[in-house]
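# quick check, what structure comes out for this input:
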Amino acid sequence: TTPTVAQGGSTDVCVKVSVPANAPNAATNATTLTAKSSADNTVGGTLTLTTIAVAVDTLIVDQDLGAPNVQTAYQDALTANGVGFSYWDLSADQVLPRTYVTAHRNVVWFTGNTYPAPITPYEGLLKTFLDGGGRLLLSGQDVLDQAAGTTAFVHDYLHIDWDGTDRQNDKATTAVHGVSGNPVSDGIGAIPIDHTVLGATFEDQVTPIAPATTAFTDDTTAPDALTVTAGPYKVVFLAFPLEAYGTAAQKADLMKRVLTYFTT
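Okay, the predicted model is just below:
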C-alpha cells in the first residue's frame, strides 16, 4: 500500500524480483502491477513488469531493422566458437533496458543499413555499460555519418576523431586488410567485402585517438576499424559490416579474435 498521493502527484513503488539460480538464459516472467484509487476504485491502471534471466556473458543487439536481416552472420560466428548468447531485436522493441545490457559482459552490436545516427539514442546506455567494464564489438556502415560521429561518446569512448564532413564518409573498399601487431587482426591478409549482402557501399574511414589503434585498413591503406583498451573497458569498432566480411569461416575467425581480445 502506498502513502496517500495527491491528485496529479506521483510515488515510487519497489518490486523485488528473485530469479531462480537454475533459470535458463532468456527465460521470462511477467508480473502485472495494478494501481487503483483508494477514493474511487474504478480509477486505476496496470502495467506489466517482465523479468528476463541472463545466464550467458554475450548479448547480440540487432539494429539492422530488417533491411535486410543479417543477424545470422553474427549468431553463426558466435555459435561456431561455442559461445552462447542473448538476443535483442531493436526492430521489435526499441527500448533496450539498461540493466539487461549491463547484466552481460560482452555486447555485439550491429547496425546494418540503419541510417542516420543509429547508435546516437543509445550512447548513454553504452557509456554506462563500458564504464562498468563492458566489452563492445560495434559493426556497421554509416554509423558516423555527419554529426553522428562528432558526439562526445564517439570521441571519448570509441576514440575517433571525426569532423562531421564527408572527408572519410562513404569510402567503398573491395577488401579490408589486417594490421601487423594489432591484437585482433595481426596476421590477417586482405579479406573481401561482399557489397551484395547489404546492397550498399557506405564503409567509413576513421582516425583513431590514443589509446585506440588501427585494426584494419581499406584499399587506400586508410584505417577503417580500431581496437581500444581504456580504463575498465574494451572496444572493437568496425566501420564496415562484419556480415559482409569474407567467408563464414573468416567471420568466425574474426569473432574468435575479438572474444580473445576481450578476455585478455
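# tell me which residues of stretch 48-63 come out buried.
When burial is assessed from 16 or more other Cβ atoms under 10 Å, stretch 48-63 yields the following buried residues: 52-54, 56-63. No exception for glycine: its C-beta is placed from N, CA and C like everyone else's.
# residues in contact with stretch 225-238?
Residues from elsewhere that reach stretch 225-238, judged by Cβ atoms under 8 Å, 6 or more residues apart in numbering: 130-140, 157-160, 176, 182-185, 206, 208, 211-216, 224, 239-240, 245, 258, 261-262.
# going by neighbour count, which of the residues you listed are buried?
By the neighbour-count criterion of 16+ other Cβ under 10 Å, the contacts of stretch 225-238 include these buried positions: 130, 134-140, 157-160, 176, 182-185, 206, 208, 212-216, 224, 239-240, 245, 258, 261-262.
# first-to-last residue distance for stretch 53-69?
In terms of Cα to Cα, to the nearest Å, the two terminal residues of stretch 53-69 are separated by 25 Å.
# one more: stretch 106-125?
Using Cα to Cα, the end-to-end distance of stretch 106-125 comes out at 14 Å.
# secondary structure of Thr72: a helix, I assume?
Yes - if the criterion is DSSP: H, G, I helix; E, B strand; the rest coil, then Thr72 is within a helix.
# number of nearby residues for it?
Residues within reach of Thr72, counting by other Cβ atoms under 10 Å, total 11.
# show me where the stretch 51-200 of the chain has its strands.
Using DSSP state E, counting those that start in this stretch, the strands of the stretch 51-200 of the chain run over 58-62, 85-89, 106-110, 135-139, 175-178, 190-192.
# how about the ones you listed in JSON lines, adding distance to Asn41 and mean pLDDT?
Conversion of the strands of the stretch 51-200 of the chain to JSON lines gives the following (distance: least, Cβ to Cβ, whole Å; pLDDT from 0 to 100):
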{"stretch": "strand 58-62", "distance to Asn41": "42", "mean pLDDT": "98"}
{"stretch": "strand 85-89", "distance to Asn41": "38", "mean pLDDT": "98"}
{"stretch": "strand 106-110", "distance to Asn41": "44", "mean pLDDT": "98"}
{"stretch": "strand 135-139", "distance to Asn41": "48", "mean pLDDT": "98"}
{"stretch": "strand 175-178", "distance to Asn41": "64", "mean pLDDT": "98"}
{"stretch": "strand 190-192", "distance to Asn41": "65", "mean pLDDT": "98"}
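# quick one, which of those is nearest to Gly164?
Across the strands of the stretch 51-200 of the chain, the minimum distance to Gly164, taken as Cβ to Cβ, is reached by strand 135-139, at 19.1 Å.
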